[in-house]
Each structure stands twice: as structure tokens, then as C-alpha cells.
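*Asks:* Provided below for reference: sequence and predicted model.
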There are 2 protein chains.
Amino acid sequence: MPIDVAKVVGAELPRTTASWDRDDVILYHLGLGAGVPPTDPGELEYCYEGRLKVLPTFGVLPVFSTLTGLVGLDGMDFNPVMLLHGEQEITVHKPLPVRATVTNTGRVEHVYDKGKGATVVVVAETRDERGEPLCTNRFVAFIRGEGGFGGDPGPAPANEPPDRDPDLVAESPTLPQQALIYRLSGDKNPLHVDPDMARLGGFDTPILHGLCSYGIVAKAVVDHALDGDVTRVAGFAARFGGVAYPGETLVTKMWRTDRGIVVHTDCKERGTKVVTNALMTVR
Amino acid sequence: MPIDVAKVVGAELPRTTASWDRDDVILYHLGLGAGVPPTDPGELEYCYEGRLKVLPTFGVLPVFSTLTGLVGLDGMDFNPVMLLHGEQEITVHKPLPVRATVTNTGRVEHVYDKGKGATVVVVAETRDERGEPLCTNRFVAFIRGEGGFGGDPGPAPANEPPDRDPDLVAESPTLPQQALIYRLSGDKNPLHVDPDMARLGGFDTPILHGLCSYGIVAKAVVDHALDGDVTRVAGFAARFGGVAYPGETLVTKMWRTDRGIVVHTDCKERGTKVVTNALMTVR
């Protein structure tokens, strides 16, 4: 098989640096649909440099260049168009600043055999100018067609919702042009803009970025369960259970539990899963 | 009076340079509401670097730093919060490229006495890397409270619509967060985001940038009267007849005439003028 597990597990990804400033933070938030209504003080904190806060999921962006190191890694012979984002977990060690220059390191932690595909788990550390840890990202890439090699299937999905009604439900409408705005934050995969590429990837029309849904859901949880206080977020883990299309509305159910806020998000229009098995940990 | 006409007329503004690339062009177009529906080939040409075209009104952006030289110019003693954008005219000497580094020069051409205020006319030239003229901008700033000094009132508004039904009518909805997106293209005036600053400026809530309305109207004319062909635009002159609020819909009426396309835009919800006395010249 084209993924050489022995070679890949433990491999270091290229060390990268990244910088951001207030405009990058605001653009990211606008890419998640922030700023409605624009006179809401809480929304202005996402969109106005005079009062800016940073949603912790912003921390997935600076690591992007490290992650792309997976393509071309020795032992990772696969078709990039077959790669889907399977899961994402960010741990924030302190609130993210509105501007920073950071250094990222990453390594492949696991390759699991899911039968229809393989999952490749990458863990990346982001450190600030003083070398202090800012956030840790755990990316799980699902590579279609690369499973069935008799390997470890890995752990079952965690964070199933409790068997009771949710404590909170929030609706997040998305714009028809949501992916067009979101992609300016760095993920230029044409799957999210080009109808021809979307069809090649097996979709009728371009889909929303998984990490866009991820941010939209995190924002909904922060706004509704944490009163907009981004500094209370310790981490956010989620599984991409299905795709959303730009213009659809995400319905996010939240359950307060001992471990944090368990989250499940469906597409309102099609009743399908979008973000599942999710947990926001809180401090 | 605080504007010393003899000193100001003929004054050179600081020479500035500016650069842009595809992402800046796309961000500008998204700030005008482009990308709906996102699968429309014409809209994709505004939002996807794979097929990108540049709306000629993009050429107002690189000159912004030259214009701000008006504040602090010797002889120009006025309160910046009293300044409103009165008129705008761009002449494009060739289609704007998707990336460039340009040099801007500018000078004050006229100061007119409008009674309730003064208008200051600045003409700025933008040249590309080879020194060739790319576009010429004529900005008219209306400074409230600075008129009545017995000066020349200047020419009356031109480009009145013909006395007949328009040939074309287009509606351009704006997003509640339209100004939040548009301001990332460079005009960070808090009047367009901060409710307190808007009230200080005499408005109930933040207003849309005049140049955002200007771009929205230019796009409507290009899309509906020129079949989306941005290269046919020779120039676009317009007067800001009133304000629009984010979330409102602009209704643009177009008349084909010998001199070009005469344009008038109202706010659908309030029936008030937004862009008046406008003319798109065509090649």
C-alpha cells in the first residue's frame, strides 16, 4: 500500500513560522459569519480592532503550512484529492493574542486502518516569540482508499451526546459566499470554490471547509454557553461527520457535562450531520 | 476661515506607493457583496484567483494613503470628523492587473464654496512599475461647516438622468456585515463600525462607506449593462447623494446614452438617494 506506516509514524514535519495581526483575526471571524448584527457589542468584539478578541480556533490557521508537509513526506504516497479532514482538536495553553509571530513543529503520531481508508494523525505545537507554548493541534486526515492493510483501527469516536435533551441549541446561518470569505484565511483548496474541482472530489457543488464549520460551531458554543468569553476555552475537539454547503444553516446542540460542553451539529436544511462527537473543554 | 484657499490650491500631496495581489482584489470584491450565487461563473471571476478579473473601481484603493495626506496639509485646518466623501471619479487608462506595485502622486485642484461647507478637489495619478499611467482618481471631499467664504461655488452636478424610464434596473442587496468586510480593504474609519463614533458623526448607526456603495453600483452596471466585461469600462464618475446602511438594498437605474451609461441609485428600504449624477464611460 502507498502509505508506509513504519516510515511515516514518528516522522517530523517541516518546522514553519507564521505571523498574524488584527486584520487576519477579523478576516477569520468574518469567514465564520461573525458580525451579525453589526451593532451587537459581542459581535463587534470579533470584528473591530478597537475591541478585538480571538476565537481560540483561530489557532488552527498558523499550522496550515506545517500540515501541508504531509503531501510529499517520505512514505506518504497518496492522491491529495482523496484526503478529507476527519477530526480536529485544538488545545490552547493561553488566550491567543491579536498579533503574533509563531513557530510550528509537527509529527505524525499514528496511522490507523479504517477499512475504507486510513487515518493519519498529526500533532503540531505552536510556540510564541518567547518560545512558550500557545496551542497544540491534533489533525486527523482521512485518506479514502488507503485502508485495509490489517492495521490498528484506532480508538472509537468519543464525546457521544448524553441521552437527554440538549441544554442549549443555537442556529448559525452561513452565507452563500461563506467559503469564498473563509478561504482568504489561507486554505485555497479549489474544492471549496471551483465547481469542476468539487465534482472531481465527488460533490455536486463546492463544500464549506471543515475548519470553517469547526470555527462556526466553536463560536456558537462560546457565544451561547460561555457568554462570549473566549478566554474560558481550554480546548475544542470535533469530528467532521458530514459536509455543509455554503448558505446552509448549522444547528448546534450543547450539553453541559462534567468534562465540558458536549456538542453535536446538524445541517438544518438536509438534517444531516456536520460536526459530531465534539467537546469544548472550559477553564 | 481654517481652509487657506491660496495655500491649498495647487498643493502637492505626499507621493506614496502601494502594492496589491489577487487576495486583495478578491477581498475588495467580497466587500462589495460579490460571490452570490457562488456557482455563477461571472461571480466566480470576482472571487476565484483561478479566473480573476478586476473591477475598475478597485483603483480607488491604492490612492488612499495619498488622500489621507489632506489631513495635516499646510493651510488645511479642519476637523476630520466633518469630512464626507462628496464625489468620486476614476478614469482607467488600461484594465487593472490582478497584482501590481504602483506609485501615486496627487495635488489639490480646487476648493469650492458650497455655503454649508467647502469642497476640496484632489486629483491623483497612479502609475505602474513601468511608469505608465494606470488610473486617475478625482476625489471631492465635502467639509461641513467650512463654506461661506465668498468663493467660487464650482460647477453644478452633471449627469442628470434623461427624462424617461431607465433602460435597466438592478438590485444589489448588502449584508449586515458589509462594512465590516469592506473596511478590511483599507478604510478603517470607525464611522463605519463603531456605534459611538457613528453617533458622533451624526448617524444613528454605522453607515456604509461611500466608496463601498460606489463599487457596488459600478459592479451592478458592469454586470447588467456590460455583460460583466470589466475591460470595457473607461471611467466611472458619481456623487454621494446620501448614505446607505449595511443590510439595505441598493436599486440602480441605468440609461444608455451617447456619452455612456447614466446611473442613479436609491436605497430600496428608505427610498432615499445613495449614488446620483453618475456616469460610466465605456470603450
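*Replies:* In hand now; what should we look at?

*Asks:* Quick one: low-confidence residue ranges for the stretch 1-150 of chain A.
*Replies:* A:1 (pLDDT under 70).

*Asks:* Can you confirm whether the longest helix anywhere in chain A lies near chain B?
*Replies:* Longest helix in chain A by number of residues, with DSSP state H as the criterion: helix A:210-225. No - judged by CB under 8 Å from any CB of the partner chain, helix A:210-225 stays clear of chain B, getting no closer than 13.2 Å. In short, each C-beta sits where N, CA and C put it, glycine included.

*Asks:* What's the first helix or strand after that helix?
*Replies:* strand A:233-240 (DSSP states H and E).

*Asks:* helices and strands around that following strand, which ones?
*Replies:* Counting contacts by 3 or more CB pairs under 8 Å, 6 or more residues apart in numbering or on different chains; DSSP states H and E, strand A:233-240 packs against strand A:83-92, helix A:210-225, strand A:273-282.

*Asks:* Single out the most deeply packed of those.
*Replies:* For the helices and strands packed on strand A:233-240, average neighbour numbers computed from mean count of other CB atoms under 10 Å in any protein chain shown are highest in helix A:210-225, which has a mean of 25.

*Asks:* Now do that helix, average pLDDT.
*Replies:* Helix A:210-225 shows a mean pLDDT of 98.

*Asks:* Which strands or helices does that helix pack on?
*Replies:* Using 3+ CB pairs under 8 Å, 6+ apart: helix A:210-225 touches helix A:22-31, strand A:83-92, strand A:168-173, helix A:178-182, strand A:233-240, strand A:249-257, strand A:260-267, strand A:273-282.

*Asks:* Repeat the analysis, applying 6 Å as the threshold.
*Replies:* Packing partners of helix A:210-225 (3 or more CB pairs under 6 Å, 6 or more residues apart in numbering or on different chains; DSSP states H and E): strand A:168-173, strand A:233-240, strand A:249-257, strand A:260-267, strand A:273-282.

*Asks:* of all these, which lies closest to A:E160?
*Replies:* Proximity to A:E160 (CB to CB) singles out strand A:273-282 among these, at 6.6 Å.

*Asks:* so who does the one residue in the stretch 151-283 of chain A that gets nearest to chain B touch?
*Replies:* With CB to the nearest CB, the shortest gap between the stretch 151-283 of chain A and chain B falls at A:Q177, namely 3.5 Å. A:Q177 makes contacts with B:35-36, B:38, as judged by CB atoms under 6 Å, 6 or more residues apart in numbering or on different chains.

*Asks:* Same list, those, but only the ones touching chain A.
*Replies:* Contacts with chain A are made by B:35-36, B:38 out of those, judged by CB under 6 Å from any CB of the partner chain.

*Asks:* Chain B contacts on the stretch 1-150 of chain A?
*Replies:* So the stretch 1-150 of chain A meets chain B at A:23, A:27, A:30, A:35-39, A:47-48 (CB under 6 Å from any CB).

*Asks:* Go again with 8 Å.
*Replies:* So far as CB under 8 Å from any CB goes, the stretch 1-150 of chain A lies against chain B at A:23, A:26-27, A:30, A:34-39, A:44, A:47-50.

*Asks:* Of the residues you listed, select the buried ones using a ChimeraX command.
*Replies:* Selection of buried members from the residues of the stretch 1-150 of chain A next to chain B for ChimeraX, criterion 16 or more other CB atoms under 10 Å in any protein chain shown:
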select /A:23,26,27,30,34,35,36,38,39,44,47,48
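
*Asks:* which one among the residues of the stretch 1-150 of chain A next to chain B gets closest to B:V262?
*Replies:* A:P38 (32.5 Å).

*Asks:* Provide the secondary structure category for that closest one.
*Replies:* Three-state call for A:P38 (DSSP: H, G, I helix; E, B strand; the rest coil): coil.

*Asks:* again, but for the one 4 residues further on
*Replies:* For A:G42, the secondary structure call by three-state DSSP comes out as helix.

*Asks:* Using the centroid of chain A, identify the residue furthest from it.
*Replies:* Relative to the C-alpha centroid of chain A, counting by CA atoms, centre = their mean, A:G150 is the outermost residue, at 28.7 Å.

*Asks:* Apart from its neighbours in sequence, what residue is nearest A:V36?
*Replies:* B:P176 (4.8 Å; CB to CB, 6 or more residues apart in numbering or on different chains).

*Asks:* contacting residues for that neighbour?
*Replies:* Applying CB atoms under 8 Å, 6 or more residues apart in numbering or on different chains, one finds that B:P176 lies in contact with A:35-38, B:246-247.

*Asks:* Having no further points to raise, I will conclude here.
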